[in-house]
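Visitor: make a model of this:
(one chain, ligands or ions: 2)
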Amino acid sequence: MDGQTRRGKALVRDPDRLIAALLEISNLVGSVMRLDDILYRIARITADLLEVPVCSIYLLQDGGKLQLRSNVGLEPDLTGKVVLEPGQGIAGWVARHGEIVSLADATQDPRNYPLPSNLEKQCRACLCAPLRIQEEITGVMSARKMEPYEFTPEQRKVFETVCKQVAIVIEKARMYEEKIKAEQLAAVAVSLSGLAHYIKNVLFTSQIGEYLVDRGLNEWNDLDRVREGWKTLHQANQKIRKLVENMLNYCRQTKLETKPVVLNDMLKQIVDAVDDQAAMRRIEMHMELDPQLGTMMLEPDSIYDAFLNLVTNAVDAIPEGRPGRVVIRSYRIPDQTNVVVEVSDNGTGIPPEHRDKIFNLFFSTKGKKGTGIGLAATKKIIEDHKGSVSFETKVGEGTCFRVYLPLQTPGAPAPV
Ligand SMILES: Nc1ncnc2c1ncn2[C@@H]1O[C@H](COP(=O)(O)OP(=O)(O)OP(=O)(O)O)[C@@H](O)[C@H]1O
Ligand SMILES: [Mg+2]
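Guide: Ligands and ions are numbered 1, 2, ... in the order given. Model (predicted):
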């Protein structure tokens, strides 16, 4: 050993510090932090405990390569980019042999493999130990000092103890991430299956329409049947159109393309669109539109879809076989720059346990008849217009959805 090499003193002088550090690392088990954030915390705690400026954590990848997943003290952009071939460098050697390595000056060791890092090239002392779960090595942790330095047996023991705890934390964090991923995949599968059932249902209706048109024209020579079939086909088409528009509206990231819109006229068009369906179910559609409303800058297609969703939901909420009433009101709040549109029904109302879920994507109580995309898309559209949507409801009495839209959408040119 050259004259400049410092010998380690009892570095972890205070056993309480070791216990506190181990406890802090153990507490990361079950934490909701991402694995990379957990690794960074561990590297930080270990560097402080051992009083070293550099601490790095490598994890083994498939194929035996070691990826630098976290570090303190080196250039932050090395993290994730440095990948060592199997057996490469001191870390690779430790991962392959499963033994701790303690070097007063790693630059003198033939196994040393300098990383593309100016800071790492200045490091001399090195303590590097495997992260092991039972017999399986899952990674490597290293602690570095800038100057030549001989770690004491006690420091090596402390480091090994920390590494054992770290390996457990990493294993648990990985299991947790896998569990979350599996749950997310399962949720997507459930949502897709709901969507597929809805589309299948609509396609089935459209097949009935096709059948009626085909037979009506070619066999029965019955124009009434053809009309009936055509209407069924048209309704099925409308449903698919609404679904696709809602999906596109919900996913859209681009800016609104606003145009001057006479909102009252649009509300009348929406009522026209659902009028037949409402009449068949003996539902009266009533409008109270403020004639002072005038023109607003809105994106016509998406705003149409948003209000169509609310009106369709209002019609759906009225139990089959019972006459009902849907009221659409528009008005301006005096002295405020908002326009309000209310869509109210005297349907079933929304039970308390569903109230905080109705705007969630894929939440629906309509089984095969709904997708649960409607209100999620409506909320997104209204919020894209810098407006808001809320509701009041009473079980057994009905629901009122209230949409606030700014008279002028910020950033849009003034209405002509
Ligand atoms: N006016 C209302 N009265 C009672 N419940 C409502 C009303 N509007 C929405 N809901 C509840 O909110 C749920 C979600 O509505 P949303 O419009 O997002 O989906 P959906 O109507 O079920 O299907 P779709 O995506 O085809 O519109 C509905 O399934 C229903 O339970
Ligand atoms: Mg709906």
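Visitor: name the nearest residue to the closest residue to ligand 2 within the stretch 301-416 of the chain, sequence neighbours excluded.
Guide: Proximity of the stretch 301-416 of the chain to ligand 2 (CB to the ion) peaks at residue 374, 2.9 Å away. Placement of C-beta: from N, CA and C, glycine included. Sequence neighbours aside, residue 309 is the residue nearest to residue 374 in space, at 4.0 Å (criterion: CB to CB, 6 or more residues apart in numbering).
Visitor: show me which helix or strand of the protein is least confident by mean pLDDT.
Guide: Scoring the helices and strands of the chain by mean pLDDT, DSSP states H and E places strand 6-7 at the bottom, with a mean of 64.
Visitor: that's a helix at residue 171, yeah?
Guide: Yes: counting by DSSP: H, G, I helix; E, B strand; the rest coil, residue 171 falls inside a helix.
Visitor: and whatever residue of the stretch 51-200 of the chain ends up closest to ligand 1, how far from ligand 2?
Guide: Of all residues in the stretch 51-200 of the chain, the one sitting closest to ligand 1 is residue 198 (6.9 Å; CB to the nearest ligand atom). Per CB to the ion, to the nearest Å, residue 198 is found 11 Å from ligand 2.
Visitor: I'd guessed that residue sits against residue 369; true?
Guide: Yes: between residue 198 and residue 369 there is a contact under CB atoms under 8 Å: 7.4 Å.
Visitor: who has more neighbours out of those two?
Guide: Taking other CB atoms under 10 Å, residue 198 and residue 369 do not tie; residue 198 has more neighbours (22 against 13).
Visitor: list the contacts of that one.
Guide: Shown in contact with residue 198 (CB atoms under 8 Å, 6 or more residues apart in numbering): 243, 368-371.
Visitor: now with 7 Å, please.
Guide: 368, 370-371 (CB atoms under 7 Å, 6 or more residues apart in numbering).
Visitor: mind listing the strands for the stretch 151-300 of the chain?
Guide: For the stretch 151-300 of the chain, the strands defined by DSSP state E, counting those that start in this stretch occupy 259-262, 283-289, 295-298.
Visitor: and of those strands, who's closest to residue 209?
Guide: Proximity to residue 209 (CB to CB) singles out strand 283-289 among these, at 22.8 Å.
Visitor: quick check: buried residues in that closest one?
Guide: Within strand 283-289, the residues that count as buried by 16 or more other CB atoms under 10 Å are 283, 285, 289.
Visitor: how far off centre is that strand?
Guide: Centroid separation for strand 283-289 versus its chain: 39 Å, with CA atoms, centre = their mean, to the nearest Å.
Visitor: and that strand, what other elements does it pack with?
Guide: Contact partners of strand 283-289 among helices and strands, from 3 or more CB pairs under 7 Å, 6 or more residues apart in numbering; DSSP states H and E: helix 263-280, strand 324-332.
Visitor: contacting residues around the residue nearest to residue 64 when sequence neighbours are not counted?
Guide: The shortest distance from residue 64 to any non-neighbouring residue, by CB to CB, 6+ apart, is to residue 86 (3.7 Å). Applying CB under 7 Å, 6+ apart, we find residue 86 in contact with 64-65, 92, 96.
Visitor: lowest pLDDT pick from these?
Guide: Scanning the contacts of residue 86 for pLDDT, the low point is residue 64. It has 88.
Visitor: is it true that it lies in a helix?
Guide: No: Residue 64: not assigned to a helix; according to three-state DSSP it is coil.
Visitor: what's the neighbour count on it?
Guide: For residue 64, the neighbour count with other CB under 10 Å is 14.
Visitor: distance check, it against ligand 2.
Guide: 53 Å.
Visitor: any idea how far residue 168 is from that residue?
Guide: Distance check for residue 64 against residue 168: by CB to CB, to the nearest Å, it reads 22 Å.
Visitor: do the same with residue 195
Guide: As defined by CB to CB, residue 195 lies at a distance of 41 Å from residue 168.
Visitor: likewise for residue 408?
Guide: 58 Å.
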